[in-house]
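Enquirer: Following is a predicted model, sequence given first.
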Amino acid sequence: MMRSLKQQLLFLVIGPLILLSIIGTVITVAYMKDRAILATDTKARCDLATAEEILNLMYPGYWEERNGILYKGDTKITNNFAVVDRIAELTGDTVTIFLGDIRTTTTVREKNGQRAIGTRVSSIVSTKVLKNGELYLGEANVVGQMYRTAYKPIRDANGKIIGMLYVGISKKLSDELLHKSLFTIVGITVILTVLVALIAWYFTQRVIIGPLQEITKSTKELATGQLNQKVEIASKNEIGELAAAFNQMVEGMQSFAMHIARVAGTEVNTVTFPVHQSSSEPNLVQVKPVVEINLPASAKNDPIGLDTGYPLPVELPKGLNEATLKQILAFIESENRPMSAEEIGEGVNLTRVTARRYLEFLEQIGKVEVEQKYGTVGRPVKLYKSK
């Protein structure tokens, strides 16, 4: 079973991408096949017109059958290979001239290499061209091989159909060209899919998985009693909100620890927290006193250590230092009036944001009183005052 969130997210992102790529490739292949057939039929039609024009220029006159032999004007066409070879050379097609439904001159060859003289056309073509007098355009079996073909009736001076003119493009050759194009398209699609998948993996790892792993790591460390764990995630999405909630929880636990330290400072030297992990349920936290914060004897009446100079019993949040904390507290005591974070920041040369972080910590440990008033635009403003 796939339990990893990372794997699930990648599957949700890359799975539809691969599916869309496959669908797009199938649609493209079908479209290209249709376009290839259309292009081949267009070429066959044009080559047929070219062949007819060449015959008219080389051999002026009407088509005529004399004693089973086909003529164009005064020129004998039966077994006249020069004309069909020339047309084939110019067009790249196979070329045949029929007397009735029988090949009388052609470039088409049988398996033994001989020209297919005397062989007949298929009944489908014969019916449409010789009987109905229509142009045949499409796929046809020519002496055992498939071609995209064009057949046109040949008429004598009286308009009677006496034969056919044929050009054909090898389907094998056209299929090879189509397959090369398709392989190119599929290759490009695969490369683009892999590229987008890598970008999606990087985005998922950096924006979602990485921050979640950091929060998970800090949560595990917090569960062992390390109350100085905070996560630095600047995202504005739900992950960022989760990180902010985690940091607020840590601050609440630190405040709780400080409160216990102040209350118990004259009676006990340690603060105990119930954090023990169950062996049967790895994710279950059971109550068991295993973490202690030691307080020095001379710090009992000053648990935070600001007056005695002893180290803090609980580490300051990241980014705060004890010297600045004392400076802010001394400034508040010297002013002896409620002040905003901005005023206090200006008094100790700190930005409002930095000053607010120190003030929130002092509020948590009970060193300042906070009152709230509303500014000119109706927004609440916190005012800080020394206790």
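Expert: Noted; the coordinates are in hand. A quick note: this is a predicted structure, and the numbers were derived from the prediction, not measured.
Enquirer: Next, name the residue at the spatial heart of this protein.
Expert: Centroid-nearest residue in the chain: V196, 3.8 Å away (criterion: C-alpha atoms, centre = their mean).
Enquirer: Let me know whether that residue touches L17 as I believe.
Expert: Yes - contact criterion C-beta atoms under 8 Å: V196 and L17 qualify, at 6.0 Å. Bear in mind the C-beta positions are built from the backbone N, C-alpha and C, glycine included.
Enquirer: beta partners for L137?
Expert: Taking DSSP bridges, one obtains A150 as the residues bridged to L137.
Enquirer: Which pLDDT value goes with it?
Expert: If you check L137, the pLDDT there is 92.
Enquirer: Any stretches of this protein with poor pLDDT?
Expert: Low-confidence segments of the chain (pLDDT under 70): 1-3, 6, 228-229, 234-236, 259, 261-315, 375-378.
Enquirer: now the strands for it?
Expert: 63-66, 69-72, 75-76, 94-99, 102-106, 136-142, 145-155, 161-170, 270-277, 285-294, 368-374, 380-386 (DSSP state E).
Enquirer: any chance of these in TSV, plus distance to I208 and mean neighbour count?
Expert: Output for the strands of the chain, formatted as TSV (distance: least, C-beta to C-beta, whole Å; neighbours: other C-beta atoms under 10 Å):
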stretch	distance to I208	mean neighbour count
strand 63-66	78	16
strand 69-72	78	19
strand 75-76	81	14
strand 94-99	62	24
strand 102-106	69	22
strand 136-142	54	18
strand 145-155	53	22
strand 161-170	55	22
strand 270-277	26	16
strand 285-294	26	13
strand 368-374	37	13
strand 380-386	34	16
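Enquirer: Would you convert those strands into CSV that also reports distance to I191?
Expert: CSV is the format used below for the strands of the chain (distance: least, C-beta to C-beta, whole Å):
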stretch, distance to I191
strand 63-66, 56
strand 69-72, 55
strand 75-76, 57
strand 94-99, 38
strand 102-106, 46
strand 136-142, 34
strand 145-155, 32
strand 161-170, 32
strand 270-277, 48
strand 285-294, 49
strand 368-374, 60
strand 380-386, 56
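Enquirer: I'd like to know which of those strands lies nearest to K43.
Expert: Closest of those to K43 is strand 161-170, at 6.4 Å (criterion: C-beta to C-beta).
Enquirer: Just the C-alpha atoms of that closest one, please, in PDB.
Expert: Extracted C-alpha coordinates of strand 161-170, given in PDB (Å, rounded to 0.1, in the frame of the first residue of the first chain):
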ATOM      1  CA  ILE A 161     -14.200   4.100 -72.300                       C
ATOM      2  CA  ILE A 162     -11.400   1.800 -73.600                       C
ATOM      3  CA  GLY A 163      -8.900   1.800 -70.800                       C
ATOM      4  CA  MET A 164      -7.500   3.500 -67.700                       C
ATOM      5  CA  LEU A 165      -4.600   5.600 -66.600                       C
ATOM      6  CA  TYR A 166      -3.100   4.800 -63.200                       C
ATOM      7  CA  VAL A 167      -0.600   6.300 -60.700                       C
ATOM      8  CA  GLY A 168       0.100   4.800 -57.300                       C
ATOM      9  CA  ILE A 169       2.100   5.700 -54.200                       C
ATOM     10  CA  SER A 170       3.400   2.800 -52.200                       C
END
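Enquirer: what is the orientation angle of that strand with strand 102-106?
Expert: 60 degrees (axes from the mean of the first three to the mean of the last three C-alpha atoms, to 10 degrees).
Enquirer: who touches the closest residue to T107 other than its chain neighbours in this structure?
Expert: Leaving out its chain neighbours, the residue that sits closest to T107 by C-beta to C-beta, 6 or more residues apart in numbering is A88, at 4.5 Å. By C-beta atoms under 8 Å, 6 or more residues apart in numbering, the contact set of A88 is T94, V95, T107.
Enquirer: For these, give me TSV that also has distance to R155.
Expert: Compiled in TSV, the contacts of A88 are given as follows (distance: C-beta to C-beta, whole Å):
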residue	distance to R155
T94	23
V95	19
T107	23
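Enquirer: quick one: which of the residues you listed is nearest A245?
Expert: T94 (77.5 Å).
Enquirer: hey, what's the residue lying closest to the closest one once chain neighbours are set aside bridged with?
Expert: In space, and not counting its chain neighbours, T94 is closest to G168: 4.5 Å by C-beta to C-beta, 6+ apart. G168 has the following beta-bridge partners by DSSP bridges: T94, T149.
Enquirer: Hmm, G168 is touching K43, no?
Expert: No - here G168 lies out of contact with K43, judged by C-beta under 8 Å, at a distance of 10.7 Å.
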